[in-house]
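S.K.: Next come a sequence and a model predicted from it.
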Amino acid sequence: MVTKKVCASIIGVFSFALSVPALLFAAPVAAQFSFGVVPQQSASELARLWTPMLSYLSEKTSLKLEFRTAKDIPTFEQRLAVGEYDFAYMNPYHYVVFHDLARYQALAKEKEQKLVGLIVVHKNSRFNKIVELNGAEVALPGPRAFGASILPLAVLKTRGILVKPRYVSSHDSVYLSVAKGFFPAGGGIARTFANLEPSVREQLRVLWRTPGYTPHAIAAHPRVPKEIARTLQKVLTTLDQEPRGSDLLRAIGFKGLIAARDKDYDDIRALDFRTLEHILPK
């Protein structure tokens, strides 16, 4: 069960005088919406991966989707809490929290995919079993990174394996710090590991994988008109039906996207977050 907290404010409320058909097809200037992406990687790398996708979505919907991210995951969370992003790509833990706090509503999720957390070590590491990490420092991207931080810490704890979390801001930072020997192990997820530069990925090996959960959500803030949210959802979920859309999906590590419902994230809600909270920093 996710603990509810008081949200200070929800900002950036938009009003629209035009009807949806006019807004989408007849307005001289396209309506502009922010699209936040969870900072699992550096801002420059995320911009490189997501800007072409958002440009294509803008062409297909006549909406102007503006790429945004944050310097780190805690800052991204603060922005979600006050509803700063019109649309956002967020991890499943974020979704269940900020659905409650800021009323974000799931639109789409990755097709045929579960979110799987990883623990990686250097390819020449002496560690061959997860139990051998007991007492070791483990690099993690952020306290509320679900697949890369929360899941590994929770499962390790249930097995009596106590590690020392060290937060380094992003998935890429985790992988790089382990490859360079700054930490003996680090947490990530399958997609960001697969998207790594080969020169870094080749220095690492996967020591352990978590069980799979419902993957990240693309969600809309409630100020976005429902007709516009449905228009974007329809385009998102048909991208893999055309060559250009498929190419753009592959560039960010997706096979495709399917419609998501709030109840899809009940497997995340079923986790006992009250148990998890005390192993994470306040």
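M.R.: Alright, I've got the coordinates.

S.K.: how about the nearest residue to residue 66, chain neighbours excluded?
M.R.: Among residues not flanking residue 66 along the chain, residue 34 sits closest, at 5.1 Å (CB to CB, 6 or more residues apart in numbering). Any C-beta I mention is one placed from the backbone N, CA and C, and that applies to glycine too.

S.K.: distance of the one you found from residue 72?
M.R.: 18 Å (CB to CB, to the nearest Å).

S.K.: swap in residue 50?
M.R.: Taking CB to CB, one finds residue 50 at 17 Å from residue 72.

S.K.: And for residue 94?
M.R.: For residue 94, the distance to residue 72 (CB to CB) stands at 13 Å.

S.K.: of those two, who's got more company?
M.R.: It is residue 94, of residue 94 and residue 72, that has more neighbours when counted by other CB atoms under 10 Å, with 25 against 16.

S.K.: How about the contacts made by the more buried one?
M.R.: Residues in contact with residue 94 (CB atoms under 8 Å, 6 or more residues apart in numbering) are 38, 76, 77, 80, 144, 146.

S.K.: Those into TSV, with extra columns for neighbour count, secondary structure and distance to residue 64?
M.R.: Listed next are these as TSV, based on neighbours: other CB atoms under 10 Å; DSSP: H, G, I helix; E, B strand; the rest coil; distance: CB to CB, whole Å:
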residue	neighbour count	secondary structure	distance to residue 64
38	25	coil	21
76	26	helix	21
77	20	helix	25
80	25	helix	21
144	19	coil	30
146	27	helix	30
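
S.K.: Just the closest of these to residue 228, please.
M.R.: Taking CB to CB as the measure, residue 228 sits nearest to residue 80 out of those, at 19.4 Å.

S.K.: burial of residue 123, as a residue count?
M.R.: Neighbours of residue 123 using other CB under 10 Å come to 12.

S.K.: pretty sure it is touching residue 202, no?
M.R.: Yes. Between residue 123 and residue 202 there is a contact under CB atoms under 8 Å: 7.3 Å.

S.K.: What is the end-to-end distance of stretch 157-164?
M.R.: This stretch, stretch 157-164, spans 11 Å end to end (CA to CA, to the nearest Å).

S.K.: Let me see the residues that make contact with that stretch.
M.R.: By CB under 8 Å, 6+ apart, stretch 157-164 touches 130, 131, 133, 134, 135, 136, 137, 138, 153, 156, 185, 279.

S.K.: Mind doing that once more with 10 Å?
M.R.: Applying CB atoms under 10 Å, 6 or more residues apart in numbering, the set of residues contacting stretch 157-164 from outside is 119, 129-138, 140, 152-153, 155-156, 183-185, 187, 275-276, 278-279.

S.K.: May I see the PyMOL selection of the buried members of those residues?
M.R.: Buried residues among the contacts of stretch 157-164 (16 or more other CB atoms under 10 Å), as a PyMOL selection:
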select buried, resi 119+130+132+133+138+140+152+153+155+156+183+184+185+187+276
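
S.K.: what are the ranges of the strands in this structure?
M.R.: Using DSSP state E, the strands found in the chain span residues 31-37, 63-68, 87-90, 105-110, 115-122, 137-140, 164-167, 185-189, 204-213, 217-220, 257-259.

S.K.: how about the third one: buried residues?
M.R.: Judged by neighbour count using 16+ other CB under 10 Å, the buried positions of strand 87-90 are 87, 88, 89, 90.

S.K.: so what does that strand touch, helix or strand wise?
M.R.: Identification of packing neighbours for strand 87-90 by 3 or more CB pairs under 10 Å, 6 or more residues apart in numbering; DSSP states H and E yields strand 31-37, helix 43-61, strand 63-68, helix 73-81, helix 92-102, strand 105-110, strand 217-220, helix 226-236.

S.K.: how about 7 Å then?
M.R.: Judged by 3 or more CB pairs under 7 Å, 6 or more residues apart in numbering; DSSP states H and E, the packing partners of strand 87-90 are strand 31-37, strand 217-220.

S.K.: tell me the most buried of these?
M.R.: strand 217-220 (a mean of 26; mean count of other CB atoms under 10 Å).

S.K.: Partner strands of that strand, with direction?
M.R.: When pairing is defined by DSSP bridges, strand 217-220 lines up against strand 87-90 (antiparallel), strand 105-110 (antiparallel).

S.K.: what is the mean pLDDT for that strand?
M.R.: Summarised as a single mean, pLDDT over strand 217-220 is 98.
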